[in-house]
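Visitor: pasted the sequence and its predicted model underneath.
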Amino acid sequence: GSQASIASVGGSPVLTTCGDAGTTPCYEFTATILAAPAATLTADSYDTNPYVGSDVSLRVVIEDEFGNKRSGEAVTWTVLSGGGSVNAGTEEADSSISNTWTVGGTPGVTQEVLVSVDRSADGLAPLTYTYTLTGRCFDGWGTPTGIDGDKDAGWSCASEQYFEANISGGKTDAYFYWMNDADNLYLAVRVQQDSDSKANDVRFDFDNNADQVTALYDDAIGVENGQFIDEHLDEKCLNRNQSGCGLRDTQNGAGAAAWSSVDGGWTTFELSHPLTSADGAFDINVLPENRGDEADDLGFYVTLQQGNGAQGNTQYPDFRGYFLIKIVTPNP
């Protein structure tokens, strides 16, 4: 069988009698049992191409040179690259160490986690293993690098919708995008135009419960004159036949706009808003337990002001005609 420990014999043998009614000589001695140091670190198989934002189960086993499992070892887990997170790990009843790796939010990027076993007490170098994976898109899930009017790689997995925008010279191509992570809803609008010299504002009016009925306290966010706004509808707004009505409330979120000359010129708006907030009825409120099912969670319509006057005003799909979306989760 396997050797479970190393025996160190100490002290002087003592002659005694034992066996055969005390007539056979025997020797007694003391022995100190020393555990063999950790010698190997083995990782179970794991998902190397999971969805961004999803959880990947990790498990390692530490053994001595004789194949016996070691317990109580000092094990550290460290994210080396790609974002994401791990916890401190848990030692299971079978002495294996388990952990959960929440994958970073950017698809196509190599991500690494290092697990290390400290053996300095035995005068040995640490045992290490490096997990490596590449995340893939989960449609509608992601986190932008920043809210700054620059639609960066963090938007790679966003859902999108094309529409035509009105400008003073006619119509132009436009897109809006939406995605979420565990905490926030992210919205973006891109409009093709060859100049940034005209007024550019955007507003999202929400249908907070996705019932396609405009209601008191429905939320609205936007970027006006380069500044983020957060409002809600009051009773006066319910009887108006145009957007832009609302009372300012706690500014939960962020927004920015920027123009770039790339590809003929585009104006990009970026906005974020918490999926839940302490602002009660005045904000959208999509609880974690209601995410990831088949039901629509929110509705909104977009109002876009490009230039001055009615010719530069666009609403999509229509005034109080709501576009319905789901708040997604890669960990249902």
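Guide: Happy to help now that I have it.

Visitor: from now on I want contacts and neighbour counts done on CA atoms only, so please keep to that.
Guide: OK.

Visitor: just the pLDDT for the nearest residue to His232 once chain neighbours are set aside.
Guide: Sequence neighbours aside, Asp219 is the residue nearest to His232 in space, at 4.5 Å (criterion: Cα to Cα, 6 or more residues apart in numbering). Note on Asp219: pLDDT of 96.

Visitor: measure the most centrally placed residue in the chain to Gly82 for me?
Guide: Closest residue to the average C-alpha location of the chain: Gly53 at 4.2 Å, with Cα atoms, centre = their mean. Gly53 is 12 Å from Gly82, where distance means Cα to Cα, to the nearest Å.

Visitor: now do the shared contacts for the two.
Guide: Gly104 (Cα atoms under 8 Å, 6 or more residues apart in numbering).

Visitor: any weak-confidence spans in the stretch 201-332 of the chain?
Guide: Across the stretch 201-332 of the chain, the ranges flagged by pLDDT under 70 are 307-312, 332.

Visitor: what segments of the stretch 151-300 of the chain are helices?
Guide: Assigned by DSSP state H, counting those that start in this stretch, the stretch 151-300 of the chain shows helices spanning 235-238.

Visitor: all strands of it, in order?
Guide: In the stretch 151-300 of the chain, the segments counted as strands under DSSP state E, counting those that start in this stretch are 159-167, 170-180, 184-192, 200-207, 219-224, 227-232, 247-248, 254-260, 266-274, 298-306.

Visitor: would CSV of these with mean neighbour count and distance to Ser45 be doable?
Guide: Converted to CSV, the strands of the stretch 151-300 of the chain look like this (neighbours: other Cα atoms under 10 Å; distance: least, Cα to Cα, whole Å):
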stretch, mean neighbour count, distance to Ser45
strand 159-167, 17, 32
strand 170-180, 19, 30
strand 184-192, 24, 32
strand 200-207, 25, 44
strand 219-224, 24, 45
strand 227-232, 21, 46
strand 247-248, 15, 52
strand 254-260, 21, 41
strand 266-274, 24, 36
strand 298-306, 23, 39
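
Visitor: close enough to count as contact, the residue nearest to His232 and Ala210?
Guide: No: with contact defined as Cα atoms under 8 Å, Asp219 does not count as touching Ala210 (12.0 Å).

Visitor: quick one: secondary structure of Thr329?
Guide: coil (DSSP: H, G, I helix; E, B strand; the rest coil).

Visitor: cool, thanks, signing off.
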